[in-house]
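Student: Need coordinates for the below:
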Amino acid sequence: MDRSFCITPYKSWRVRVTGLRLMAIHAHPDDESSKGAATMAKYAAEGNRVRVVTCTDGRRGDVLNPAMDRPGVLENMTEVRRGEMARAAAALGVEHVWLGYEDSGLPEGDPLPPLPEGSFAVQDPEDVAVKIIEQVREFKPHVIITYDENGGYPHPDHLMVHAVSMIAWEKSGDPEFAPEAGEPWTPLKLYYSHGFILQRMKLLQEMLLERGQKSPYELMIKRWEENEGDVFDRVTTQVECADYFAQRAEALTAHATQIDPAGAFLASPVADQQQAWPTEEFELARSRVETTLPEDDLFAGIDAGAEEE
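Tutor: Below you'll find the predicted structure:
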């Protein structure tokens, strides 16, 4: 595959930078560690600024690690998850900002119950987008990472993240939109993160089974094949980041309430992951610079030494 990708901007952009900047917009604490974490660690280690914006506090997340199902955890979930997030950000070497909304939770039942009053997913998307735009205009990212139109999976908070990220992409450079949110800044590229690749799970499962070990991937693979389909056809960009898989594992482990060490995220040793699948996957959804697909760098096409015109 060798094809150019360029969306004509409403003005010609060339940017003077002292270092490239990447912003990842996520719904909950722990999402940053399961979606593009090693890529962020790689760019941060190479001297670029990387900022994670977490939209919600994670207060309605279940305790998914049996070792953390103990008194004092669920009752203090917000504080517990703030500590987990701080440790994960430190492991990845990234900056972190809380946007300040309440986790909406994942509704279950038939019919589905209403979302909690005041939670993230019931907010006005344009109001939330203004808060994202404040972050964009302050941090001035050249690249934004967010979720696709399905939210990566259809959690209401993930769907909201997609909606507000797209508004921010369109409006953060418009001086007439939300002037109170800061001086305009126009990001140059926007990616969707694709963290769950079917082929990767199958390869990791094969490696475990060959050693006679139990695989935690079987149900995930079956569910993905039956319901989700494979998103790999959408991937435009694969970033080599195997050297940072250990940091990714450390960040995942930091989210102790959400990540079971015996579960799929940590079941395969780092060495297996490096051998089977040394990249992380993204989809270039919007661009204001020319680039050629497929890519191996989220900053491809961005001239770090040019001037804004």
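Student: Checking residue 184 next. Helix, strand or coil?
Tutor: Following DSSP: H, G, I helix; E, B strand; the rest coil, residue 184 is assigned to coil.
Student: Does it touch residue 176 like I think?
Tutor: No. Residue 184 sits out of contact with residue 176 when judged by Cβ atoms under 8 Å, with a separation of 9.0 Å. The C-beta positions use only the backbone N, C-alpha and C, and glycine is treated the same way.
Student: and these two? which has more neighbours close in?
Tutor: Between residue 184 and residue 176, counted using other Cβ atoms under 10 Å, residue 184 has the larger neighbour count: 17 against 7.
Student: got the contact list for that one?
Tutor: Applying Cβ atoms under 8 Å, 6 or more residues apart in numbering to residue 184 gives the contacts 137, 172-175.
Student: Just send those residues back as TSV, with pLDDT too.
Tutor: Compiled in TSV, the contacts of residue 184 are given as follows (pLDDT from 0 to 100):
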residue	pLDDT
137	98
172	98
173	98
174	98
175	98
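Student: Which of those has the largest number of neighbours?
Tutor: Ranking the contacts of residue 184 using other Cβ under 10 Å puts residue 172 first, with 26 neighbours.
Student: any idea how far that one lies from residue 22?
Tutor: Distance of residue 172 to residue 22, computed by Cβ to Cβ, to the nearest Å: 15 Å.
Student: What does the pLDDT read for the spatially closest residue to residue 151 that is not a sequence neighbour?
Tutor: Excluding its sequence neighbours, the residue lying closest to residue 151 (Cβ to Cβ, 6 or more residues apart in numbering) is residue 158, at 2.9 Å. Listed pLDDT for residue 158 reads 97.
Student: can I assume residue 158 sits in a strand?
Tutor: No. Under three-state DSSP, residue 158 falls outside any strand and is assigned helix.
Student: contacting residues around it?
Tutor: The neighbours of residue 158, taking Cβ under 8 Å, 6+ apart as the test, are 27, 31, 147, 151-152.
Student: which of these lies closest to residue 38?
Tutor: Checking these against residue 38 by Cβ to Cβ gives residue 31 as the nearest, at 14.3 Å.
Student: Name the helix or strand for the residue lying farthest from the centre of the chain, please.
Tutor: In the chain, the residue that sits farthest from the middle, by Cα atoms, centre = their mean, is residue 212; the gap is 33.1 Å. Using DSSP states H and E, residue 212 sits within no helix or strand.
Student: What separation is there between it and residue 36?
Tutor: 32 Å.
Student: do residue 171 as well
Tutor: Counting by Cβ to Cβ, the gap from residue 171 to residue 36 is 24 Å.
Student: For those two, indicate the residue with more neighbours.
Tutor: For residue 171 and residue 36, the more surrounded residue by other Cβ under 10 Å is residue 36, and the numbers stand at 30 against 20.
Student: list the contacts for the residue nearest to the more buried one when sequence neighbours are not counted?
Tutor: The shortest distance from residue 36 to any non-neighbouring residue, by Cβ to Cβ, 6+ apart, is to residue 193 (4.6 Å). Residues counted as contacts of residue 193 (Cβ under 8 Å, 6+ apart) are 24, 35-36, 145-147, 152, 280-282.
Student: Now residue 193: phi and psi?
Tutor: phi -90, psi 130 (degrees, to the nearest 10).
Student: do you know how far it is from residue 285?
Tutor: When residue 193 is compared with residue 285 (using Cβ to Cβ), they lie 10 Å apart.
Student: try residue 129
Tutor: Distance, residue 129 to residue 285, using Cβ to Cβ: 16 Å.
Student: Settle it for me: which of the two has more neighbours?
Tutor: Legend: neighbour count by other Cβ under 10 Å for residue 129 and residue 285, higher for residue 129 (25 against 21).
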